[in-house]
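Asker: Below is the sequence, then the predicted model.
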Amino acid sequence: MASPTEAFGDSVELDVLVLDAADQIEHVALGFYSDGDGGPMKDLRFNWLLRTLFLGAPAFLCGCNAIVLDPQGPIGIADKTILVDSLAIMLAIGVPTIIATFAFAWWFRASNAKAAYMPDFAYSGRIELIVWSIPLLVIMLLGGVAWIGSHDLDPAKPLASDTPPLEIQGVSLDWKWLFIYPGQGVASVNQLVVPAGVPIHFSLTSASVMNAFFIPQLGSMIYTMNGMTTQLNLQADNPGTFLGLSSHYSGDGFSDMHFDVQAMPAERFAAWVNATRHTGTTLDDGSYAALAKQSANVSPFTLGAVESGLFQKIVTQQLPPGPGPQAALSGPNLSSPFATAHGVTPIPYTMVNNAQRMEH
């Protein structure tokens, strides 16, 4: 008797190959792989792998620290309130929709004889009212929350307090933060020290590319831009150490552009200012020029005196902004007392195919 291939030609042979391939795919989907002899090898357990990944996915979040949900100041608390309220409003429509999906699937199951089968159903005014009114209410509520919050939490709006605010001038550099205390005549790099319970008024600018200033537990991220000043008002209610960072990519050293915010009682803050005045160098045009050169992973340090009007010179570009990556960037002179004392390490650059590349 002729074989199927001999009797019907190549078309049957092709069909057999397709069916064999489909059989292989079926084995893989079940978590097995056929070795051609019909003997399954349990090497590819996709079902178990998918289940493990699905159930184990939350474990990858164990290292996350949701500091935004642990606010330590009035602005941070208000931001958290807006976040929670917005989530609750959205869950008000999301949760019922999910429940309704399972409820409809259960009610209209094939074995439920009580479920009405209406193949000619096309329109219901009541259903249309529900389908459109609920999302409309959600949008109105979310819009109201955003509208009220954006006005109440205007970054430039002073905080209500009987205590005068502390003035701090912040400058984003490549890749570090400079904080000037004009009333106290001192400055710090990659370190922000503030008194707890006292409003802080920040005047922020950039001496290079656009950046973003963010202290998650105190609230309100705001951008810093060259040639202009942005205003921000924050407050730390209690003593503690909080994370401050740059939240806008600004180049090779961006990942190291973070700082500690140390909130302390007013007496300790006054003692810190007094101690700082007796240590460190003076921040003037020359030392600022060295500091402004690109450097990464700079250890925190303080400056005991600040030239009057330095921040205004930076904003008005009387002191030139950072040049950006350059070929054979030398950075601060490592033999200078300023760089040696504060460990300002330059990042060398070279030209590769007419493009600038950082040497690692």
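Answerer: The structure has been received and is ready for your questions.
Asker: Do you have the helices of this protein handy? List them.
Answerer: 4-8, 10-29, 46-56, 74-107, 125-152, 266-277, 285-292, 310-315, 337-342 (DSSP state H).
Asker: I'd guessed Gln191 sits against Thr276; true?
Answerer: No - if you go by CB atoms under 8 Å, Gln191 and Thr276 don't touch, sitting 10.2 Å apart. C-beta: built from backbone N, CA, C; applies to glycine.
Asker: Comparing the two, which shows the higher neighbour count?
Answerer: Using other CB atoms under 10 Å as the criterion, Gln191 and Thr276 rank with Thr276 on top: 20 against 17.
Asker: And the pLDDT at that one?
Answerer: Thr276 is assigned a predicted lDDT (pLDDT) of 94.
Asker: and what of Pro346?
Answerer: Reported pLDDT for Pro346: 46.
Asker: Run a quick check on Leu192 versus Gln262, I expect a contact.
Answerer: Yes - between Leu192 and Gln262 there is a contact at 7.1 Å, judged by CB under 8 Å.
Asker: burial measure for Val131, as a count.
Answerer: With other CB under 10 Å as criterion, Val131 counts 11.
Asker: which residues does it contact?
Answerer: Residues near Val131 by CB atoms under 8 Å, 6 or more residues apart in numbering: none.
Asker: just the strands in the stretch 201-350 of the chain please.
Answerer: Per DSSP state E, counting those that start in this stretch, the stretch 201-350 of the chain carries strands over the ranges 211-215, 219-224, 230-234, 240-246, 258-264, 282-283, 301-303, 305-306, 349-352.
Asker: and the gap between the most centrally placed residue in the chain and Ser255?
Answerer: When CA atoms, centre = their mean is applied to the chain, the residue found nearest the centroid is Ser247 (5.8 Å). Ser247 is 12 Å from Ser255, where distance means CB to CB, to the nearest Å.
Asker: and if you look at Ala160?
Answerer: On the measure of CB to CB, Ala160 and Ser255 end up 37 Å apart.
Asker: what does Ala196 give?
Answerer: 29 Å.
Asker: Same drill for these two, tell me which one is more crowded.
Answerer: Ala196 (19 against 12).
Asker: My guess is the more buried one contacts Val261. True?
Answerer: No - under the criterion of CB under 8 Å, Ala196 makes no contact with Val261, lying 10.7 Å away.
Asker: Overlap of the contact sets of those two?
Answerer: In contact with both Ala196 and Val261: Ala236, using CB under 8 Å, 6+ apart.
Asker: ok so, going back, my read is that the residue nearest to the centre of the chain contacts Met221, right?
Answerer: Yes - taking contacts as CB under 8 Å, Ser247 lies within contact range of Met221: 5.5 Å.
Asker: overlap in contacts of the two?
Answerer: By CB under 8 Å, 6+ apart, the residues touching both Ser247 and Met221 are 212-214.
Asker: Let me have these in TSV, adding neighbour count, distance to Ala270 and pLDDT as columns.
Answerer: As requested, those are exported to TSV (neighbours: other CB atoms under 10 Å; distance: CB to CB, whole Å; pLDDT from 0 to 100):
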residue	neighbour count	distance to Ala270	pLDDT
Ala212	19	31	95
Phe213	24	25	96
Phe214	19	27	96
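Asker: Turn those into JSON lines, including distance to Ala146.
Answerer: JSON lines is the format used below for the shared contacts of Ser247 and Met221 (distance: CB to CB, whole Å):
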{"residue": "Ala212", "distance to Ala146": "20"}
{"residue": "Phe213", "distance to Ala146": "22"}
{"residue": "Phe214", "distance to Ala146": "19"}
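Asker: Among those residues, which one lies nearest to Ala88?
Answerer: Comparing the shared contacts of Ser247 and Met221 against Ala88 with CB to CB places Phe214 closest, at 24.8 Å.
Asker: For Phe242, see how far away the closest one is.
Answerer: 11 Å.
Asker: Over to Asp152?
Answerer: 22 Å.
Asker: which residues does Leu178 form a beta bridge with?
Answerer: Leu178 has the following beta-bridge partners by DSSP bridges: Val171, Val189.
Asker: and the gap between Gly143 and Asp285?
Answerer: Taken as CB to CB, the span from Gly143 to Asp285 is 49 Å.
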